[in-house]
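Participant: With the sequence up front, the predicted model follows.
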Amino acid sequence: MALPIVAIVGRPNVGKSTFVNRITGTSDAIVHEHRGVTRDRSYHKADWNGVDFMLIDTGGVEMADDDRFQSSIREQALLAADEADVILFMVDGRSDVTSDDIELARQFRRMKTPVFLIVNKMDNPEDESAIWNYMQLGLGEPWPISSIHGHGTGDLLDAVVEKLPKVEEAEEEIEAINVAIIGRPNAGKSSLINKMTGTQRAIVSDVAGTTRDSIDAIVEHEGKTYRLVDTAGIRKKSGIVEDLEYYGYLRSIRAIERADVAILVIDSTLGLTDQDQKVAGIAREKGVALIICLNKWDVVTDPREREDLREIIGDRLQFVGYAPVQAISAMTGRSVHRIWDMIDKVYANHAQHISTSKLNNFLEEIREFGYTVISGKKRLKMNYITQTAECPPTFTIFCNHPEIVDPNYERFLENRIREKFDLEGTPVRFIFRRKAN
């Protein structure tokens, strides 16, 4: 049974993300003094007194569309409220009631979902005078709290969990293939995840840097379960001017670290950039399987431009040459269905275990080939190989002089082992150890 859902909704900068971080005991929700930092709705597992629930953080809601993102932010927040079992409507105890507060309260009064009116930033628990201004919203007696100091949060959560539907058993961790959608800002990652999930799961915009929070979506496809993570667009650190974008960069790295498969989305209209190479390097460094998607392929109509781009990909991304490349259009859905089979294949290769006997037959072929490393009077002799880890496949080779193995020889071994075994989509690693006497 799915966990009950608690959605927290309110105007910008009332303290929603601070509240989420306090309740979940994490720093997953970005907290910043700038308004509009949280844009998409993001999900965070939480518990109180043994009751597990999912806490949804939403963007700050404003009824006027002065900001080009505001209509999408408002839609995402109201979608979260619509799917919730309990709504936490947060207002700012340091300011007067606003027209946006009144309009949100009007919409919540129409719903049958229990609504808790939270007056945040009441840092002095002895002074509750400000909360009575909010009685006019018609949502019952307000709950004064301080997200920063924690005042009042315990009593509030006691009341919230009483309103949640009872779950007979705590939800077990869903076994799923973790797929991180990575790439530069505005490459089409949110459009891709929306097409793969079949919903408007993430805000799609032509402005770079729209997605600042990582967003998880559990998807079932042909009997298999996947966890898709749309990450903030990764830029060079030197190109991150606002520190909140730097936080998004760090979150993207964390998403890659917990992924099994990464899908690198490249904007075909811009071609391959240094940032794309950087992202691919991060995926290789973290040891995740990799798929490269050339998005907006329908916009590139010149056959020569398409051929040139593929040549550039093969040349400049040679260090991840194991990654399959698929041309798609996330907006129209062209070839997106092929990504599912690619995920399955590269994940299977990523998690496979090759028997020791097959590996040592491979090693015998390498020895017969005769190419080895010589340094001074030292000549490398490899005696034995075994696979010591999966995800990614890691091979330990016992030899006489591990210290003389150089990167060129490692690349030689990687190329040969890929010819022998199906390792498409996954990095491989070698460990060289001195053979015991």
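Facilitator: It's in. The shown structure was predicted, so the numbers you read here are calculated from the model rather than taken from an experiment.
Participant: Direction included, what does the helix or strand where Thr396 lies pair up with?
Facilitator: Taking DSSP states H and E as the definition, Thr396 sits inside strand 394-399. Partner strands for strand 394-399, per DSSP bridges, with pairing direction: strand 382-389 (antiparallel), strand 429-434 (parallel).
Participant: His44 sits in which helix or strand?
Facilitator: Applying DSSP H and E as the criterion places His44 in strand 42-48.
Participant: elements contacting the next helix or strand after that strand?
Facilitator: Next along the chain after strand 42-48, taking DSSP H and E as the criterion, comes strand 51-57. When contacts are defined as 3 or more CB pairs under 8 Å, 6 or more residues apart in numbering; DSSP states H and E, strand 51-57 packs onto strand 5-10, helix 16-24, strand 42-48. Heads up, the C-betas are built off the backbone N, CA and C, glycines and all.
Participant: Tell me which of the ones you listed approaches Arg434 most closely.
Facilitator: strand 42-48 (45.4 Å; CB to CB).
Participant: what is the mean pLDDT for that closest one?
Facilitator: On average, the pLDDT along strand 42-48 is 82.
Participant: same deal with stretch 142-155?
Facilitator: For stretch 142-155, the per-residue pLDDT averages 90.
Participant: Nearest spatial neighbour of Ile118, chain-adjacent residues omitted?
Facilitator: Take Ile118 and drop its neighbours on the chain: the residue closest to it by CB to CB, 6 or more residues apart in numbering is Met90, 4.6 Å away.
Participant: Can you verify that neighbour is assigned to a strand?
Facilitator: Yes - membership of Met90 in a strand is supported by DSSP: H, G, I helix; E, B strand; the rest coil.
Participant: any idea how far it is from Lys45?
Facilitator: The spacing between Met90 and Lys45, counted by CB to CB, to the nearest Å, is 20 Å.
Participant: same check, this time on Arg316
Facilitator: In terms of CB to CB, Arg316 sits 40 Å off from Lys45.
Participant: Check Gly183 too.
Facilitator: Taking CB to CB as the measure, Gly183 and Lys45 are separated by 27 Å.
Participant: which of the two has more neighbours?
Facilitator: Gly183 (28 against 14; other CB atoms under 10 Å).
Participant: Quick check: Gln306 touching Val300?
Facilitator: In this structure residue 306 is Arg, not Gln. Yes - using CB atoms under 8 Å, Arg306 is in contact with Val300, at 5.6 Å.
Participant: Now the common contact residues for the two.
Facilitator: Common contacts of Arg306 and Val300 (CB atoms under 8 Å, 6 or more residues apart in numbering): Ser268.
Participant: mind listing the helices for the stretch 301-437 of the chain?
Facilitator: Along the stretch 301-437 of the chain, counting by DSSP state H, counting those that start in this stretch, helices occupy 303-316, 338-351, 356-369, 407-420.
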